[in-house]
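Novice: what follows is a predicted structure for the sequence shown.
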Amino acid sequence: MGTPDFAASALEALVQSRHEILAVVTQPDKPKGRKGIMTPSPVKEIALREGIPVLQPKRVREEGFDEILAGYQADAFVVVAFGQIIPQRILDLPKYGCLNVHGSLLPSYRGAAPIQWAVLDGRKKSGVTVMQMDAGIDTGDILLQKEIVLAEDETAGSLFDRLSALGAEALLEVLDGLEAGTVTPVPQGESDTPYAKMLTKEMGEIDFSRSGAALDAFVRGMDPWPGAYTFLGEKMLKVWKLKPAGADRFQGAQARPVPGQVAEGPGFLVGCGDGAVELLEVQIEGKKRMAAADFLRGNVIPAGTMLGHPEHKGEPDGGK
């Protein structure tokens with residue numbers, strides 16, 4: 001049971017393993033692009049390629065669907081980023097229960113976007129958990145965890161790819177361990193993080209009053225979606241990379257910029273809560289992403305220009 005790319009990695013691993021896949025359950029096809037073409041999920045695409053039966057209920061809770069699943073007499077249900085809450089009557093069906101692959105070291109980051117929030121919060125480590133599902137949301141007993149260290153330039157996208165592969169590896173270990181009787185469930189404790197809620201486009205707007213380190217983590221955590229952004233005049237300016245510049249850049253005659261204010265170069269310097277950040281890779285609305293140095297060659301942005309949404313600023317923007 002799964003839908004997006006993160007689940008597709010687990011399915012690919014199962015396809016290559018000795019285990020028999022009786023059926024795939026995934027979300028219904030959805031319209032995509034400007035033309036609204038109905039598009040199957042990444043998991044369905046793999047299932048069709050491999051000749052695996054595909055089930056696409058609007059809701060797994062619908063009457064009679066549990067009977068359909070029971071008919072397969074599966075030893076285990078594997079659930080990875082499925083996108084629906086599974087009722088207890090389905091959780092109870094297979095011999096080994098329902099196994100979930102989650103992109104965090106539970107009980108940290110329960111919820112829908114654990115990978116993004118680990119980067120946004122500046123965590124040094126992350127990992128995957130394979131758990132035995134229960135009626136709660138990401139609260140089941142832990143069967144196996146695998147940990148990794150985040151790179152200094154880790155983005156949500158790069159961590160997604162790493163944990164996707166790690167989760168597939170962990171899943172196969174758990175399936176073999178359950179069959180051999182060597183897996184011991186461990187109850188979870190209380191979570192030390194807030195619920196990892198889904199990101200929205202609005203959440204990508206940069207608040208330059210935060211520290212340089214926090215802004216660095218924010219930009220990386222919003223990559224690839226929704227992307228961190230601010231405004232230059234009336235145009236959206238996406239920021240794909242930046243680094244803290246610190247307050248010591250403004251000793252002597254040069255005044256320290258206020259948060260969101262463009263400072264005297266060199267580089268694309270913008271004031272933040274504890275000094276400044278240097279924007280390294282940007283994308284102005286309607287154009288391709290590029291190095292900030294290349295952007296500045298074609299765009300004159302006077303020192304003192306304020307970045308940010310026009311509605312959020314007290315003075316007109318001078319950076320057109």
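Specialist: Now that the structure is in, tell me what you want to look at.

Novice: so residue 301 is in contact with residue 264, correct?
Specialist: No - applying CB atoms under 8 Å, one finds residue 301 not in contact with residue 264, separated by 11.0 Å. Any C-beta I mention is one placed from the backbone N, CA and C, and that applies to glycine too.

Novice: and the two? Which one has more around it.
Specialist: A direct count of neighbours by other CB atoms under 10 Å for residue 301 and residue 264 places residue 301 higher, at 19 against 15.

Novice: that one should be in a strand, yeah?
Specialist: No - read with DSSP: H, G, I helix; E, B strand; the rest coil, residue 301 is coil and lies in no strand.

Novice: in which helix or strand does the residue lying closest to residue 159 once chain neighbours are set aside reside?
Specialist: Nearest residue to residue 159, sequence neighbours excluded (CB to CB, 6 or more residues apart in numbering): residue 115, at 5.3 Å. Under the criterion of DSSP states H and E, residue 115 resides in helix 114-120.

Novice: which elements pack onto the following helix or strand past that helix?
Specialist: Next in sequence after helix 114-120, counting helices and strands by DSSP H and E, comes strand 125-132. Helices and strands touching strand 125-132, by 3 or more CB pairs under 8 Å, 6 or more residues apart in numbering; DSSP states H and E, are strand 98-102, strand 142-149, helix 156-180.

Novice: 10 Å - rerun?
Specialist: If you count contacts as 3 or more CB pairs under 10 Å, 6 or more residues apart in numbering; DSSP states H and E, strand 125-132 packs onto strand 98-102, helix 114-120, strand 142-149, helix 156-180.

Novice: let me have the ones you listed in a markdown table, extended by mean pLDDT and mean neighbour count.
Specialist: Converted to a markdown table, the helices and strands packed on strand 125-132 look like this (pLDDT from 0 to 100; neighbours: other CB atoms under 10 Å):
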| stretch | mean pLDDT | mean neighbour count |
| --- | --- | --- |
| strand 98-102 | 98 | 25 |
| helix 114-120 | 98 | 25 |
| strand 142-149 | 98 | 16 |
| helix 156-180 | 98 | 19 |
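
Novice: show me the domain layout of this protein.
Specialist: 5-180, 201-312 (automatic domain parsing).

Novice: mind checking those domains for the one nearest to residue 194?
Specialist: With CB to CB, the closest approach to residue 194 among the domains of the chain belongs to domain 5-180: 8.1 Å.

Novice: give me every residue that touches the spatially most central residue of the chain.
Specialist: Centroid-nearest residue in the chain: residue 116, 3.7 Å away (criterion: CA atoms, centre = their mean). Residue 116 makes contacts with 103, 109, 155-157, 159-160, 196-199, 203, 220-223, 225-226, as judged by CB atoms under 10 Å, 6 or more residues apart in numbering.

Novice: gap between the lowest-mean-pLDDT helix or strand in the chain and the chain center?
Specialist: Scoring the helices and strands of the chain by mean pLDDT, DSSP states H and E places strand 30-32 at the bottom, with a mean of 94. The chain centroid and the centroid of strand 30-32 are separated by 21 Å under CA atoms, centre = their mean, to the nearest Å.

Novice: ok, residues contacting the helix or strand following that strand?
Specialist: Reading on from strand 30-32 to the C-terminus, the next helix or strand found by DSSP H and E is strand 37-39. By CB under 10 Å, 6+ apart, the residues outside strand 37-39 that reach it are 28, 29, 30, 31, 32, 33, 45.

Novice: what's whichever strand or helix holds residue 229 packed up against?
Specialist: Using DSSP H and E, residue 229 sits within strand 228-232. Applying 3+ CB pairs under 10 Å, 6+ apart, we find strand 228-232 packed against helix 212-221, strand 235-244, strand 275-284.

Novice: again, only using 7 Å
Specialist: strand 235-244 (3 or more CB pairs under 7 Å, 6 or more residues apart in numbering; DSSP states H and E).

Novice: okay, now the residue lying closest to residue 267 once chain neighbours are set aside: neighbour count?
Specialist: With CB to CB, 6+ apart as the criterion, residue 267 has its nearest non-adjacent residue at 4.7 Å, and that residue is residue 278. Residues near residue 278, counting by other CB under 10 Å, number 20.

Novice: equivalent analysis for residue 197, please.
Specialist: Residues near residue 197, counting by other CB under 10 Å: 12.

Novice: thanks again, I'm all set now.
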